[in-house]
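Novice: Okay, sequence plus prediction incoming.
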Amino acid sequence: MTNRSSILIIFTGGTIGMIRKENNYISINFNELIKYFPELDKLNFYLEIIGFNPPIDSAEINPKIWIKIVEIIEKNYTKFDGFVILHGTDTMAYTASAISFMLQNLNKPIVFTGSQLPIGVHRTDAKENLITSIEIAGSRSFGKAIVPEVCIYFENQLMRGNRTHKASSNEFNAFKSYNYPILAQAGIDINYNHSVISKGALKSLKIHKKIKNSVAVLKLFPGISKEAVSSLLKNDFFDAIILQTYGCGNSMQENWFLEELQTYTQKGKILINTSQCENGSIIEGRYKTSQIFTDLDAINSYDMTLESIITKTMLLLGESCDKKTFKNKFQESFCGELTKIQK
Ligand code: ASP
């Protein structure tokens, strides 16, 4: 009987599973990929790998693939102590956010990682990212997982998945967690910041798989036209519009704009106020230019990332709840994705 942690690695694709051929990066399948990681055999973990065939660039990710990942985890949940998901960096923050909401009452680690340079390139960041992710997914203290939540490990930092944003397309530290402290820093040792890590749920795992994509993001900019705004607000396909406003939730006050918003909300549709700033929170009413959102009963998204807002909205729309229930649930923290900041 061994006491080694067991880890399931799910390889979806991305740069971590690519090699350079002539002038392009091309995907290789996972049987070929593991040949580049001879270290895996020496780790003191029991490892199994499931690979997507063919592997996908994460620009191709969609809700069907989130469901596929969740179903693999669901099927293997009792068999493994932790999960490592290899995923392209482009949409990793979206997938990590979605999965965190789809798997409620989690008490095992799900660590997403990838790399900025392909595995076949000399200076690749793939090896360190994968090996440390496995170590984190398998770390236990008194038999309990140290990090029982969905997270992203990248370039020495472990972050809560639904707090991350891909902030750089060329630096090794591609991800930032602007509004929540990092969960661990890896150096010679892995230093866990225990006070900010979830304690894990006592209840049994609950899976949410209903997703509805009738949501759109409208980013304001000085000089935005009535045509651009009404093309979304007047389109009845959408049940929810996420408005990316300025600063702590401010917008212009032109009559046509306020009327468009009013007509839209009077139809019983959902309006969510988020900021174009990565760091900080929506604070409605601090400036007169945000009062309209309180008056229209728009949903304050506090300090959530756009990735979390979009994916949480898709899942709540999938539940087909009424507007009031949607608002209450949206503003509740499901798994540490928001901090309510009052004026
Ligand atoms: N386009 C790649 C992807 O997201 C980029 C990467 O993995 O870094 O799959």
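Specialist: That came through fine. All values derive from a computational prediction rather than experimental measurement. Numbering: from 1, shown residues only.

Novice: partners of the host helix or strand of residue 185 in the sheet?
Specialist: Using DSSP states H and E, residue 185 maps to strand 184-186. Using DSSP bridges, the strands paired with strand 184-186 are strand 157-160 (antiparallel), strand 190-192 (antiparallel).

Novice: With residue 302 as the reference, measure out to residue 181.
Specialist: Separation of residue 181 from residue 302 (CB to CB, to the nearest Å) stands at 17 Å. C-betas here are computed from N, CA, C, even on glycine.

Novice: So those two - more neighbours on which side?
Specialist: Taking neighbours as other CB atoms under 10 Å, residue 181 and residue 302 compare with residue 302 leading, 24 against 12.

Novice: Contact distance from the ligand - what residues of the stretch 51-200 of the chain qualify?
Specialist: 57, 58, 59, 88, 89, 90, 114, 116 (CB under 6 Å from any ligand atom).

Novice: so what's the third one up against?
Specialist: So that's residue 59. Residues near residue 59 by CB atoms under 8 Å, 6 or more residues apart in numbering: 88, 90, 91.

Novice: Look up how far residue 312 lies from the second one.
Specialist: Per CB to CB, residue 90 is found 20 Å from residue 312.

Novice: and what of residue 27?
Specialist: When residue 27 is compared with residue 312 (using CB to CB), they lie 30 Å apart.

Novice: More neighbours: which of the two?
Specialist: Taking neighbours as other CB under 10 Å, residue 27 and residue 312 compare with residue 312 leading, 23 against 20.

Novice: Model confidence for the more buried one, exactly?
Specialist: At residue 312, the model reports a pLDDT of 98.

Novice: can you check residue 112 too?
Specialist: Residue 112 is given a pLDDT of 98.

Novice: Who are the contact partners of the residue in the chain that the ligand sits nearest to?
Specialist: At 1.9 Å from the ligand, residue 88 is the closest residue in the chain, using CB to the nearest ligand atom. Residue 88 sits next to 12, 13, 14, 15, 16, 56, 57, 58, 59, 61, 114 when contact means CB under 8 Å, 6+ apart.

Novice: All the strands of the stretch 201-343 of the chain, in order from the start?
Specialist: 206-207, 215-219, 240-245, 270-275, 299-300 (DSSP state E, counting those that start in this stretch).

Novice: With distance to residue 109, mean neighbour count and mean pLDDT as added columns, please give those strands in CSV.
Specialist: Formatted as CSV, these follow (distance: least, CB to CB, whole Å; neighbours: other CB atoms under 10 Å; pLDDT from 0 to 100):
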stretch, distance to residue 109, mean neighbour count, mean pLDDT
strand 206-207, 17, 12, 96
strand 215-219, 29, 17, 98
strand 240-245, 30, 22, 98
strand 270-275, 28, 23, 97
strand 299-300, 31, 23, 96
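
Novice: These into JSON lines, with extra columns for distance to residue 21?
Specialist: Formatted as JSON lines, these follow (distance: least, CB to CB, whole Å):
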{"stretch": "strand 206-207", "distance to residue 21": "39"}
{"stretch": "strand 215-219", "distance to residue 21": "36"}
{"stretch": "strand 240-245", "distance to residue 21": "39"}
{"stretch": "strand 270-275", "distance to residue 21": "41"}
{"stretch": "strand 299-300", "distance to residue 21": "47"}
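
Novice: confidence score at the spatially most central residue of the chain?
Specialist: Closest residue to the average C-alpha location of the chain: residue 97 at 2.5 Å, with CA atoms, centre = their mean. The confidence metric pLDDT takes the value 98 at residue 97.

Novice: now do residue 342
Specialist: With respect to pLDDT, residue 342 scores 65.

Novice: And residue 178, its phi and psi?
Specialist: Main-chain torsions, residue 178, degrees, to the nearest 10: phi -70, psi -40.

Novice: residue boundaries of the helices in the stretch 1-150 of the chain?
Specialist: 30-33, 63-76, 92-102, 126-138 (DSSP state H, counting those that start in this stretch).

Novice: So which other helices or strands are in contact with the third one?
Specialist: To tie it back to what came earlier, the one meant is helix 92-102. helix 63-76, strand 110-113, strand 150-154, strand 165-166, helix 306-318 (3 or more CB pairs under 8 Å, 6 or more residues apart in numbering; DSSP states H and E).

Novice: need the ones you listed in JSON lines with distance to residue 291, can you?
Specialist: What follows is the helices and strands packed on helix 92-102, written out as JSON lines (distance: least, CB to CB, whole Å):
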{"stretch": "helix 63-76", "distance to residue 291": "35"}
{"stretch": "strand 110-113", "distance to residue 291": "39"}
{"stretch": "strand 150-154", "distance to residue 291": "36"}
{"stretch": "strand 165-166", "distance to residue 291": "28"}
{"stretch": "helix 306-318", "distance to residue 291": "21"}
